[in-house]
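>>> No letters, just coordinates:
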Ligand code: ADE
């Protein structure tokens, strides 16, 4: 999968060189490229923002650098997806991560300030599938941290990135429920025992207990997930 990230803070994405994502980059599972939006601003100060038409607080990102940056990353592509992280977008979910993990080219455009000139989205939508996507109902200073989270959630679902694919099946949100609690050795720690069923060797009983735990936890912490089913 090719991933392009357009940002005014390319250094934030240096962190993608470590851990499993770094390995996925090294062994060619992902071709991740980070572009500096300011390379497409041609004045002396490499300006990427300006005051909003109609007035109001804050600055808006100018269309010209964005247009040029997107022209460059979308060049010769047939069917790209372009994601603009935004608190005004649809909420990112595991389902979305899975769908995006099956794409061949995903572009992320990280906005800052009060947003990006609307014409950038409209122009991109004329040659790509464009989505505004929010990490959740809160406001970040810009899209970079949201893109870090989305890239991690997407890339770990690409076959070959996680050593044991079974661990992807059993985690939270994969079956619409939160995951069950996990335990490892020792069997007693600070007077706290591991639930005896997990030591029983009875796989049917263990599966039943885990399912009950998932349901109980989901009802308690995220009743909205059950209501949606
Ligand atoms: N940019 C600012 N806030 C954001 C959020 N909640 N999700 C995605 N991008 C953002």
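Thanks, I have it. Being a predicted model, the structure only gives us computed values, none of them experimental.
>>> Flag every residue of the chain that's near the ligand.
Remark: the part of the chain in contact with the ligand comprises 85, 86, 87, 134, 135, 136, 138, 139, 140, 142, 143, 146, using C-beta under 6 Å from any ligand atom. All C-beta atoms are positioned from the backbone trio N, CA, C, and that covers glycine.
>>> Drop anything exposed from the residues you listed.
85, 86, 87, 134, 135, 142, 143, 146 (16 or more other C-beta atoms under 10 Å).
>>> Mind picking the two most distant members of the residues you listed?
Using C-beta to C-beta, the pair of these lying farthest apart is 134 and 142, separated by 13.0 Å.
>>> got a list of what the residue most central in space within the chain touches?
In the chain, the centroid-proximal residue (C-alpha atoms, centre = their mean) is residue 150; its distance is 0.7 Å. Going by C-beta atoms under 8 Å, 6 or more residues apart in numbering, residue 150 touches 83, 85, 92, 97, 100, 108, 133, 135.
>>> does it sit in a helix, a strand or a coil?
Look at residue 150: counting by DSSP: H, G, I helix; E, B strand; the rest coil, its state is helix.
>>> can you check residue 131 too?
Residue 131 is classified as strand under three-state DSSP.
>>> Which ones among the residues of the chain next to the ligand lie within helices?
Using DSSP state H, residue 146 are the members of these that sit in helices.
>>> pretty sure residue 119 contacts residue 63?
Yes. Assessed by C-beta atoms under 8 Å, residue 119 is found in contact with residue 63 at 5.2 Å.
>>> Which one's more surrounded, those two?
residue 63 (17 against 11; other C-beta atoms under 10 Å).
>>> If we ignore the residues flanking it in sequence, what's nearest that one?
Leaving out its chain neighbours, the residue that sits closest to residue 63 by C-beta to C-beta, 6 or more residues apart in numbering is residue 117, at 4.2 Å.
>>> Do I have it right that the one you found meets residue 66?
Yes. Using C-beta under 8 Å, residue 117 is in contact with residue 66, at 7.3 Å.
>>> Neighbour count for those two, which is higher?
residue 66 (25 against 20).
>>> what's near enough to touch the more buried one?
Per C-beta under 8 Å, 6+ apart, neighbours of residue 66: 6, 37, 40, 109, 116, 117, 120.
>>> What lies in contact with the longest strand along the chain?
In the chain, assigned by DSSP state E, the strand with the most residues is strand 81-91. Strand 81-91 has contacts (C-beta under 8 Å, 6+ apart) with 70, 74, 96, 100, 103, 105-111, 115-116, 121, 124, 128-140, 143, 146-147, 150.
>>> which parts of that strand are buried?
Within strand 81-91, the residues that count as buried by 16+ other C-beta under 10 Å are 81, 82, 83, 84, 85, 86, 87, 89.
>>> Would you mind putting those residues into a markdown table with pLDDT and distance to residue 25 alongside?
Putting the buried residues of strand 81-91 into a markdown table (pLDDT from 0 to 100; distance: C-beta to C-beta, whole Å) gives the following:
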| residue | pLDDT | distance to residue 25 |
| --- | --- | --- |
| 81 | 98 | 19 |
| 82 | 98 | 21 |
| 83 | 98 | 19 |
| 84 | 98 | 23 |
| 85 | 98 | 21 |
| 86 | 97 | 26 |
| 87 | 95 | 29 |
| 89 | 96 | 26 |
